[in-house]
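K.L.:
quick check, what structure comes out for this input:
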Amino acid sequence: MSAESHKETLGFQTEVKQLLQLMIHSLYSNQEIFLRELVSNASDAIDHLRFQAISDPALLEGPHEPRIRIDFDKDAGTVTVEDNGIGMGRDEVIANLGTIARSGTAELLRSMSGEQKKDSQLIGQFGVGFYSSFIVAERVDVFTRRAGRPASEGVHWSSRGDGEFDIATIEKAEPGTRIVLQLKDDAKDFADGWRLRDIVKRYADHIGARIEMPGTPPEDDAPGAPAWEAVNDASALWTRPRSEVGDEEYRSFYQHVTHDFQDPLAWSHNKVEGNLEYTSLLYLPAHAPFDLYHRDGSHGLKLYVQRVFITDKAEQFLPRYLRFVRGVVDSSDLSLNVSREILQNNPMIGSMKTALTRRVLDMLDKLSGDADKYATFWDQFGEVLKEGPAEDFGNREKIAALLRFSSTHDDSGKPSVALADYVARMKDGQDKIYYLVGESHTQLRNSPHLEVFRKKGIEVLLFSDRIDEWMMGYLHEFDGKSFVDAGRGDLDLGALDSEADKAAQEEVAKSRQGLVDRLKVALGEQVSDVRVSHRLTDSPAVLAIGENDIGAQMRQILEASGQAVPDSKPVFEFNPAHPLIDKLDGEPDGERFDALSLILFDQAALAAGHGLKDPARYVGRLNKLLVELAG
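P.N.:
Below is the predicted model:
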């Protein structure tokens, strides 16, 4: 290589400086991850070159055998990782190695705790694997040239991880990237062939590109000439029969695909033959990526066509509510010049999407048999799966069976109740699944709406996730049983109320008609109706949502998105057997009656988790009442 030119020193992005400091000083117990990350990046560079060369064969610059070379020098204390992939130009080097162009970087820095095991997992989760080089290196040099550009446009990037990096233009004969790590004193043991081979074997044996290391030179070679030998299997793991792949290989491949340091919860490896031919290897992660709830973010499977890499974010093969699934799909039927538009319009994609979606749902069904693992999955991805009933009409019943909720049956508050469990516990004569929507589990557990259900021993599902009310707009029944919101409309328990109960309710309602009329006047425009309640056993009053009105959760979602919120008013229901209602019914003073009615209305609103429109007036009315009671 010729002398350097156009050399300049630039500063790292502020967030990179913070990240480097954390990585350099916090992750000593996981030092070997640097090699896995660099080899994985080299493999990606080779994949991208093969894909771009389909439309531009000149990028290959002659015969091309994809390979990654790992070399070391014990005396100099260096480790070198070199690939003949796509390489980078000067601007790409600055963009890729000087900044972290990820919206979640600030979140990553907040998440770093100083706990080595936890923080090492975050490296992969946030896609900043290159910087793991500085765990073992006091200086990192990158020599690279973008394929298709002249040798004179090579780039040399160098940094000690101290806040700045140097970048210069160099002469580089071959395209691709060579990374040289000048090892720290406490990491010099990595400059050892056996140790490097062991790391490659454990972490990168499945990589499709040939990984080479120096071997014993043949006798007819010149003294000192390098003899490169393969140290990995170099066959795409998903193309091998399942019987030949061990669990540890599947876990290792998952870590390669996702840069995730945790093991997956489950995986499914399947080859389809017939009208469509493709192979899929799908994984369920154990934790959520930082951008899981960015629905418009980039998600998807790695797509290969005839083992040639096409894209690592093929979103067309799974619905959005399964965006947490990771893995590979390799098709024999798609054209190598496939594009995003072809993927969107190809009828084969629809068939593959249907089959892959069912496979994932089957994986989840099987995983649900392991309560601990499924609890881990639900904690990380439950809210995303709840998007399914709205998005995937054909699989609503399957998705519903996978949902988990908290309920009055379990005091722990954990979402561990399946709908099948609920149905199995239903009372004789019960033909509906009752649920209640609220702000929190605690508020729901203490809701007046549950009083009649407790009295009759009827289980109620408790929905406190922000997506629950929206989801129930698309989930109408399960196993032939319709869903009923216990806080909405005029509660009808059907056969769970005897004829004698219903007759008694009608008689009480008639006897309190005068109070109903007085309350309508007192509460005025604040309510849509007033009626005698059959929900209450202990509380004096409760607010019910109108049958066709939106609830508090949907109201918040609409307001947050800037949409117009339909005007709606609650129904005020009172307990005819409560002593306060007896006092109220017997109150002759009209002004005092109105004040007491408004106090009961505000208390019902608080019990329902609603804010008060005028808290000061409520406090004033209550204080006046307390003064009167105190004499």
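K.L.:
nearest residue to the middle of this structure?
P.N.:
residue 292 (3.3 Å; Cα atoms, centre = their mean).
K.L.:
surely residue 83 meets residue 45?
P.N.:
Yes - with contacts counted by Cβ atoms under 8 Å, residue 83 reaches residue 45, the gap being 5.4 Å. In short, each C-beta sits where N, CA and C put it, glycine included.
K.L.:
more neighbours: these two, which one.
P.N.:
residue 83 (27 against 24; other Cβ atoms under 10 Å).
K.L.:
tell me where the stretch 101-250 of the chain has helices.
P.N.:
Ranges of helices in the stretch 101-250 of the chain, per DSSP state H, counting those that start in this stretch, are 105-111, 116-125, 193-204, 247-258.
K.L.:
is the residue nearest to the centre of the chain in a helix, a strand, or coil?
P.N.:
Under DSSP: H, G, I helix; E, B strand; the rest coil, residue 292 falls in the coil class.
K.L.:
residues touching it, list them.
P.N.:
The neighbours of residue 292, taking Cβ atoms under 8 Å, 6 or more residues apart in numbering as the test, are 323, 324, 381, 384.
K.L.:
try it again at 6 Å.
P.N.:
With contact set as Cβ atoms under 6 Å, 6 or more residues apart in numbering, residue 292 has no partners.
K.L.:
longest helix of the chain?
P.N.:
helix 33-55 (DSSP state H).
K.L.:
show me what residue 213 is bridged to.
P.N.:
Taking DSSP bridges as the rule, residue 213 bridges to residue 229.
K.L.:
my guess is it contacts residue 232. True?
P.N.:
No - applying Cβ atoms under 6 Å, one finds residue 213 not in contact with residue 232, separated by 9.7 Å.
K.L.:
so what's residue 477 closest to, chain neighbours aside?
P.N.:
residue 483 (6.5 Å; Cβ to Cβ, 6 or more residues apart in numbering).
K.L.:
pLDDT score for residue 621?
P.N.:
On pLDDT, residue 621 comes in at 86.
K.L.:
meant to ask about residue 349
P.N.:
So residue 349 comes in at 87 (pLDDT).
K.L.:
can you pull out the helices in the stretch 251-400 of the chain?
P.N.:
Under DSSP H, counting those that start in this stretch, the stretch 251-400 of the chain gives helices at 340-345, 347-367, 371-385, 388-391, 396-402.
K.L.:
any chance of JSON lines for those, columns mean neighbour count?
P.N.:
Listed next are these as JSON lines, based on neighbours: other Cβ atoms under 10 Å:
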{"stretch": "helix 340-345", "mean neighbour count": "12"}
{"stretch": "helix 347-367", "mean neighbour count": "16"}
{"stretch": "helix 371-385", "mean neighbour count": "17"}
{"stretch": "helix 388-391", "mean neighbour count": "19"}
{"stretch": "helix 396-402", "mean neighbour count": "18"}
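K.L.:
if we compare the ones you listed, which one ends up closest to residue 415?
P.N.:
Smallest distance to residue 415 across the helices of the stretch 251-400 of the chain (Cβ to Cβ): 6.1 Å, for helix 371-385.
K.L.:
residues making contact with the closest one?
P.N.:
265, 287, 288, 321, 324, 367, 368, 404, 465, 467.
K.L.:
for stretch 229-238, same thing?
P.N.:
Contact with stretch 229-238 is made by 197, 200, 204-208, 210-213, 215, 253, 279, 281, 307, 328, as judged by Cβ under 6 Å, 6+ apart.
K.L.:
are any of these buried, and which?
P.N.:
For these, a burial check counting by 16 or more other Cβ atoms under 10 Å picks out 200, 204-208, 210-213, 253, 279, 281, 328.
K.L.:
in a markdown table, list those residues along with distance to residue 192 and pLDDT.
P.N.:
Below are those laid out as a markdown table (distance: Cβ to Cβ, whole Å; pLDDT from 0 to 100):
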| residue | distance to residue 192 | pLDDT |
| --- | --- | --- |
| 200 | 13 | 88 |
| 204 | 17 | 78 |
| 205 | 19 | 76 |
| 206 | 23 | 73 |
| 207 | 21 | 79 |
| 208 | 26 | 79 |
| 210 | 21 | 91 |
| 211 | 16 | 93 |
| 212 | 17 | 94 |
| 213 | 11 | 94 |
| 253 | 25 | 88 |
| 279 | 37 | 94 |
| 281 | 33 | 96 |
| 328 | 32 | 93 |
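K.L.:
in these, find the pair that's most separated.
P.N.:
Every pair of those checked by Cβ to Cβ; the farthest is 213 and 279, at 29.5 Å.
K.L.:
roughly how far does residue 59 sit from residue 260?
P.N.:
Distance of residue 59 to residue 260, given as Cβ to Cβ, to the nearest Å: 31 Å.
K.L.:
now residue 250
P.N.:
13 Å.
K.L.:
what's the nearest residue to residue 416 if we skip its chain neighbours?
P.N.:
residue 404 (5.9 Å).
K.L.:
contacting residues around that neighbour?
P.N.:
Taking Cβ under 6 Å, 6+ apart, we find residue 404 in contact with 378, 415, 416.
K.L.:
look up phi and psi at the last one.
P.N.:
With angles defined as degrees, to the nearest 10, residue 416 shows backbone torsions of phi -120, psi 0.
K.L.:
neighbours of it, how many?
P.N.:
So residue 416, with other Cβ under 10 Å, has 17 neighbours.
K.L.:
what do you get for residue 616?
P.N.:
Using other Cβ under 10 Å, residue 616 is surrounded by 8 other residues.
K.L.:
so which helix or strand takes in it?
P.N.:
In this assignment (DSSP states H and E), residue 616 forms part of helix 615-629.
K.L.:
does anything pack onto that helix? Which helices or strands?
P.N.:
Packing partners of helix 615-629 (3 or more Cβ pairs under 6 Å, 6 or more residues apart in numbering; DSSP states H and E): helix 590-607.
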